[in-house]
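> Provide a 3D model corresponding to the input given below.
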Amino acid sequence: MACDEGPEIPGTAATDLRRIRLQGGGALLLEADGFRLIEPRGLSRSPLHDYEEICHVYLASRGLLIGLPDEVLWIRESDFVVSDEGPEVAKEALLARIELRPSADRQLQRMARVDALGDREGPPWVIWLIVAVCLMATALQLLEPMLEQVGAFLPDLFRRGEYWRAITAHFLHELTPTPLWLRTFLPIFPVLPIHLAVNVGGLLVLGAMVERPLGSWRTAIVVAISALGTILGIFTYGHLNVVGASGIVAGLAGAMLAMEIHYAPSLPTFWRLPRRLFVSALILQFFVIDQVFSTSLAGGAHVGGFAGGYFAAWSLGRPSLASLVPTPSLRFASLCTVALFAISIFGAMPLARHDLRALERHALRLYDTPDAVYLFEYDNAAAWLIAIDGRASGEGLDLAVALADRAVQNTGRQLPDLLDTLAEALFQRGDRLGALFAIEEAIQLAPFEPYFFEQRRRFLGQRDSQDRPSPRDSRPDGGEHPEPLLTDPIVPRLTI
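Next up, the predicted model:
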């Protein structure tokens, strides 16, 4: 095995030095007390790393990874100059130097435990389950557009008893209408799930890097506390209407940073990200992206989710094979998380199915929210569904009229669809004259829409009162009632 002694280093005997040459004048210098890595094409000598600082040495398919408490050094296979002094030889040389240290047995045993943790196989079940629920929720959103209103997190409605929103909001995503120019090429996609795709990508990438060292049971706790932190962040920052899973994604990023800062010696090198790059990406997200897109991104949810994930991973302790076996308390906490999810689904189901009693309770909560300009879409949807049910009580129809009128007033009486809802609610309550006045306003705003003219004929008695005209063919989501078309929403829905 060739050995280049290299230059004399002060305080080190020449026989104690070994130089493994790298491209561009770089080198891996193995000295008596530690090693230095002069990066390929580097111009300065690196700090001396004590051999006892080495946490893990891993021979990857394309090079050598050397794990240290605060960083991971990577030497690519193509950077080695001499063929018989490649990554394999460099790894053996490092381990040989470690074996000469007084604490070699303890250090090598620790590295063996890290290897065993890294060799553990198995899919990230918790992350896959979350992704599956997000995909299923999006499919249901396509079938029932009002589902987003049922499950989005609105602090005002949460405080008034719709507690399921703290869970369901994480799995719903905003669906972006496909631009007209793109519909020519994608006619079967009326909406683009861009928001979903971004969050699912984050879940799959970061989630696997959290669940592999922590295991499924601990990851479930990280996800639960990240979700809780997301909700607290929404309250703290005063966001009004939020959907999306990126609070959980931010929590997974927080968990990764916590493990890197507090438990790096216990992690295989191939599960670690470059610390500086990772922290830079987080700073870019929180202080640039969230600020630039503050009108559409719920930055408070990201901060809260990140803090929750960091705290959870730090408090759960050092990753190890032994920690993968759940304690009874950990099992109980994880099962409670699953139970809360199930309870939230059952809690939201009556409103999602348009159950009349659930709709009337929901309408009352809406009505009890004063000065809620941003709720006009919710007011309109609740009023319409109550009005067309056919079994609504007098009190329910009064609520429908009140909500429809508030929605019309809050939008300056400029949206014909909302005026149609008001007209329908008045008609069902028996106020034909009020219904005619409201539908006339809608006709003035949309004079070429046959639907509104058919509604007027129905209110005049020229069409059977039960023969409600068919929805407009231009309705993008195919629902029963046209949604308000806005180019500049009063208060935009935020995504996370």
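> tell me how far stretch 326-339 is from the chain's mean position?
23 Å (Cα atoms, centre = their mean, to the nearest Å).
> and the protein, what are its domain boundaries?
Here the domain parsing of the chain from automatic domain parsing is 14-119, 125-348, 356-495.
> redo these as CSV? Include mean neighbour count and mean pLDDT.
In short, each C-beta sits where N, CA and C put it, glycine included. Below are the domains of the chain laid out as CSV (neighbours: other Cβ atoms under 10 Å; pLDDT from 0 to 100):
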stretch, mean neighbour count, mean pLDDT
domain 14-119, 16, 87
domain 125-348, 19, 90
domain 356-495, 18, 85
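> ok, Ala423 to Phe278 distance?
To Phe278, Ala423 is 56 Å away according to Cβ to Cβ, to the nearest Å.
> all helices of the stretch 301-450 of the chain, in order?
For the stretch 301-450 of the chain, the helices defined by DSSP state H, counting those that start in this stretch occupy 328-352, 356-367, 376-387, 394-410, 416-429, 432-445, 450-459.
> in TSV, list those along with distance to Ala208.
Shown next, in TSV, are the helices of the stretch 301-450 of the chain (distance: least, Cβ to Cβ, whole Å):
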stretch	distance to Ala208
helix 328-352	19
helix 356-367	38
helix 376-387	37
helix 394-410	44
helix 416-429	44
helix 432-445	52
helix 450-459	50
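> let me know which of these is the nearest to Thr219.
Between Thr219 and the helices of the stretch 301-450 of the chain, the tightest spacing by Cβ to Cβ is seen for helix 328-352, at 9.1 Å.
> which residues are in contact with the closest one?
The contact list for helix 328-352, computed with Cβ atoms under 8 Å, 6 or more residues apart in numbering, reads 144, 146-147, 150-151, 162-168, 217-218, 220-221, 223-224, 326, 357-359, 362.
> next, the angle from that helix to helix 376-387.
60 degrees (axes from the mean of the first three to the mean of the last three Cα atoms, to 10 degrees).
> work out the gap between helix 328-352 and the centre of the chain.
On Cα atoms, centre = their mean, the centre of helix 328-352 falls 19 Å from that of its chain.
> which helices and strands does the top helix by length along the chain pack with?
When the chain is parsed with DSSP state H, its longest helix is helix 194-237. For helix 194-237, the packing partners by 3 or more Cβ pairs under 8 Å, 6 or more residues apart in numbering; DSSP states H and E come out as helix 125-143, helix 165-168, helix 246-262, helix 299-316, helix 328-352.
> I'd like the ones you listed as JSON lines, with distance to Val82 appended.
As requested, those are exported to JSON lines (distance: least, Cβ to Cβ, whole Å):
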{"stretch": "helix 125-143", "distance to Val82": "43"}
{"stretch": "helix 165-168", "distance to Val82": "59"}
{"stretch": "helix 246-262", "distance to Val82": "34"}
{"stretch": "helix 299-316", "distance to Val82": "42"}
{"stretch": "helix 328-352", "distance to Val82": "50"}
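> looking at those, which is nearest to Ala60?
Taking the helices and strands packed on helix 194-237 one by one with Cβ to Cβ, helix 246-262 is closest: 18.6 Å.
> right, and the helix or strand after that closest one?
For helix 246-262, the following helix or strand on the C-terminal side (DSSP states H and E) is helix 275-284.
> the inter-axis angle of that next one versus helix 299-316?
140 degrees.
> good, we can wrap up now.
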